[in-house]
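Asker: just coords:
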């Protein structure tokens, strides 16, 4: 008999089914209506009675089949309840289903057919049940799900399906026997272990692993264990592991000249969609103004795309900084919350915390809430942290400073607690208030989420003072554990051991995202360590001013400094400092700042000599622009600002110092 595991599959036929089970349904929209294809009938569909997950339909096939395709019929025009995304499961039993594919419908009237994954371990997978789990609709998140019509295609002939059923039945039995063998060996039931292995002829593992267990666990012969591991290494069993030894390396990502890219900034958020290798960046502060531009970086093509120069024009959030942004990669949605406002901007202003969602696939902004504080969520906050659980469709927000205005008459800083937001039901919940002794609110901290353990990891931050605690919040039972207190004298910051140049310069208010598939960090922006020029400029200015004042005292007729001499001393001091340190300004602008995107990745260990970042930057400026045009380009304009500012500053300082000293003598 030619089985389905050996030969070519016959053409697809329609696979019959019946409605077996459902999560809920609304009014007259019974699940059985998906058996009839009537695009003109508004009532000819299943509609869930709720949008609270999980909603599902389970179909029972007329006979076990290999389901290869599924077709969805639709209404005669687009509909907000159509499924934007959904997941298909299949299996021989309701409890043992596996995922056959994640799909999505376009919002139109044309029926769509999707291929399903049906081959595992080189054999076609049979099913007696198909389960459809809606994820999102094309309308607002509060809408229920609708399915209009479903037809299945595949192979139902027992001549092809029965060998496949037998293969997976044998595989399931083999896995059960291996679990029994593992249990018997762990409890040292050696006779039962040997008897079961001999009777079933099932090997628990590779013979070398069995030998390793006997020598390490059974006899404790570590010398023999070392010999065994050496043999395993020489025989190539560890080649896959040893070939993947990595060291860390920073790499500056250079966008081709003439291509668009975001400008310098700090206080901006970023998020990454690992599935497609795209990084999203919104807003920030450029040193003078808040920004409202929205960018997408494609790591595959190394290009930036400006999605919107000003999102407020596209019904999105206004310009802002110190906000946070999370991405739901499963549903292709980005959520944005919080912002900072200057003290002058919030005087006598009604402060509201707006909450936005951006649909990547539709290129559309949606205002979820104009004020989360009035709906049980956080007030207007900044420098908080925000993470998202795609499976539970829940966002967690912790910490941050609460903005207030002069009208509130508050003198002490206020901090926001721990909140969660359930996306489908649009409900906010306070998990931990600000004054909870187990979880002190803070700002400037870091927070990560473990999707499997459902835990929040919270590290450090600042409140009245800098914090060094490391906390774990368990979302399933509302408990907090303290992991460790960090000894700041032993904490390594910046360079990971084994990393090589070029590493980025010191900075703050930057943003870092991680691609777990490629094992790559992407960092962008930040406020740079501008001390490279500020410290020498200040030192030379003050030193020069004293020298020039002493000189003018010597040449004056009465040995005192007139106002003109004081003004001249300050001007010459500013002129000297500008000329002496302007090259550092050019170096700083080429080394620090926000327009560089850097990738931190793990590579094979390589030993090579590379020039230091300072040497490399100066060399690049000199080679590309020369000494005069490179390090001193724009110096003439700087002469207009530096001397005038210094002369006024020092002259006013001297007179004020004399005035205050005179009053203090009384």
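Answerer: Yep, it's here. Keep in mind that what you see is a predicted model, and the values were worked out from it rather than measured.
Asker: So which elements touch the longest strand seen in the chain?
Answerer: Taking DSSP state E as the criterion, the chain has its longest strand at strand 57-73. Using 3 or more Cβ pairs under 8 Å, 6 or more residues apart in numbering; DSSP states H and E, the elements in contact with strand 57-73 are strand 13-15, strand 17-22, strand 83-91, strand 112-115, strand 127-137, strand 149-155, helix 158-186. Where you see a C-beta, it was placed from the backbone N, CA and C, and this is true even at glycine.
Asker: mind listing what it pairs with, with the direction of each?
Answerer: strand 17-22 (antiparallel), strand 112-115 (antiparallel), strand 127-137 (antiparallel), strand 149-155 (antiparallel) (DSSP bridges).
Asker: Which of the ones you listed has the highest mean neighbour count?
Answerer: strand 127-137 (a mean of 23; mean count of other Cβ atoms under 10 Å).
Asker: Pull the number of nearby residues for the residue nearest to residue 200 when sequence neighbours are not counted.
Answerer: Nearest non-adjacent residue to residue 200, counting by Cβ to Cβ, 6 or more residues apart in numbering: residue 177, 5.2 Å away. By other Cβ atoms under 10 Å, 18 other residues sit near residue 177.
Asker: where do the helices sit along the chain?
Answerer: 158-186, 190-200, 207-213, 222-234, 239-242, 531-555, 563-591, 613-625, 627-631, 635-664 (DSSP state H).
Asker: which non-adjacent residue is nearest the residue most central in space within the chain?
Answerer: Closest residue to the average C-alpha location of the chain: residue 271 at 4.2 Å, with Cα atoms, centre = their mean. Leaving out its chain neighbours, the residue that sits closest to residue 271 by Cβ to Cβ, 6+ apart is residue 327, at 4.0 Å.
Asker: Looks like the one you found contacts residue 388 (just checking).
Answerer: Yes: Residue 327 lies in contact with residue 388 (Cβ atoms under 8 Å); the separation is 7.3 Å.
Asker: overlap in contacts of the two?
Answerer: Counting by Cβ atoms under 8 Å, 6 or more residues apart in numbering, the common neighbours of residue 327 and residue 388 are residue 335.
Asker: could you dump the helices and strands packed on strand 57-73 to a markdown table with distance to residue 422?
Answerer: What follows is the helices and strands packed on strand 57-73, written out as a markdown table (distance: least, Cβ to Cβ, whole Å):
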| stretch | distance to residue 422 |
| --- | --- |
| strand 13-15 | 37 |
| strand 17-22 | 22 |
| strand 83-91 | 18 |
| strand 112-115 | 29 |
| strand 127-137 | 14 |
| strand 149-155 | 29 |
| helix 158-186 | 37 |
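Asker: Which one of those lies nearest to residue 444?
Answerer: Nearest to residue 444 among the helices and strands packed on strand 57-73 is strand 127-137 (34.0 Å), distances taken as Cβ to Cβ.
Asker: Next, count neighbours for residue 548.
Answerer: Neighbour count for residue 548, taken as other Cβ under 10 Å: 21.
Asker: what's the answer for the one 4 residues further on, then?
Answerer: Residue crowding around residue 552 was assessed by other Cβ under 10 Å; the count is 18.
Asker: which residues touch the nearest residue to residue 50 once chain neighbours are set aside?
Answerer: In space, and not counting its chain neighbours, residue 50 is closest to residue 24: 5.4 Å by Cβ to Cβ, 6+ apart. If a contact means Cβ under 8 Å, 6+ apart, then residue 24 has 48-50, 55 as its contacts.
Asker: ok so, going back, reformat the strands paired with strand 57-73 as TSV; add distance to residue 575 and mean pLDDT.
Answerer: Shown next, in TSV, are the strands paired with strand 57-73 (distance: least, Cβ to Cβ, whole Å; pLDDT from 0 to 100):
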stretch	distance to residue 575	mean pLDDT
strand 17-22	82	96
strand 112-115	73	94
strand 127-137	64	94
strand 149-155	80	96
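Asker: Indicate which one of those is closest to residue 461.
Answerer: strand 127-137 (34.0 Å).
Asker: Quick check: which ranges of the protein have low pLDDT?
Answerer: Counting by pLDDT under 70, the chain shows low-confidence ranges at 1-8, 244-248, 406-411, 484-512, 525-535, 537, 579-643, 646-647, 657, 659-666.
Asker: What is the neighbour count of the spatially closest residue to residue 105 that is not a sequence neighbour?
Answerer: Nearest residue to residue 105 in three dimensions, chain neighbours excluded: residue 83, at 5.1 Å (Cβ to Cβ, 6+ apart). By other Cβ under 10 Å, the residues close to residue 83 number 22.
Asker: And for residue 366?
Answerer: 15.
Asker: Which strand residues bridge it?
Answerer: Note on residue 366: beta-bridge partners by DSSP bridges are residue 357.
Asker: Settle this for me: it is touching residue 336, isn't it.
Answerer: No: assessed by Cβ under 8 Å, residue 366 is found out of contact with residue 336, at 10.9 Å.
Asker: if we can go back for a sec, need the max-distance pair from the contacts of residue 24.
Answerer: With distances taken as Cβ to Cβ, the most widely separated pair in those is 49 and 55, at 8.4 Å.
Asker: who's in contact with the residue lying closest to residue 318 once chain neighbours are set aside?
Answerer: Leaving out its chain neighbours, the residue that sits closest to residue 318 by Cβ to Cβ, 6+ apart is residue 312, at 4.6 Å. Residues near residue 312 by Cβ under 8 Å, 6+ apart: 292, 318-319.
Asker: For residue 391, see how far away residue 312 is.
Answerer: According to Cβ to Cβ, to the nearest Å, residue 312 stands 33 Å off from residue 391.
Asker: Which parts of the stretch 251-400 of the chain are strands?
Answerer: 270-273, 278-285, 290-298, 303-308, 324-328, 333-337, 355-359, 364-369, 381-382, 385-389, 394-398 (DSSP state E, counting those that start in this stretch).
Asker: tell me the angle the third one makes with strand 278-285.
Answerer: It stands for strand 290-298. 170 degrees (axes from the mean of the first three to the mean of the last three Cα atoms, to 10 degrees).
Asker: hmm, who's touching strand 290-298?
Answerer: By Cβ under 8 Å, 6+ apart, the surrounding residues in contact with strand 290-298 are 261-262, 265, 268, 277-285, 303-312, 316-321, 339, 358, 522, 597.
Asker: of the contacts of residue 312, buried ones?
Answerer: The neighbour count (16 or more other Cβ atoms under 10 Å) marks 292, 319 as buried among the contacts of residue 312.
Asker: With respect to residue 416, which of the contacts of residue 312 is nearest?
Answerer: Of all the contacts of residue 312, residue 416 sits closest to residue 318, with 20.5 Å by Cβ to Cβ.
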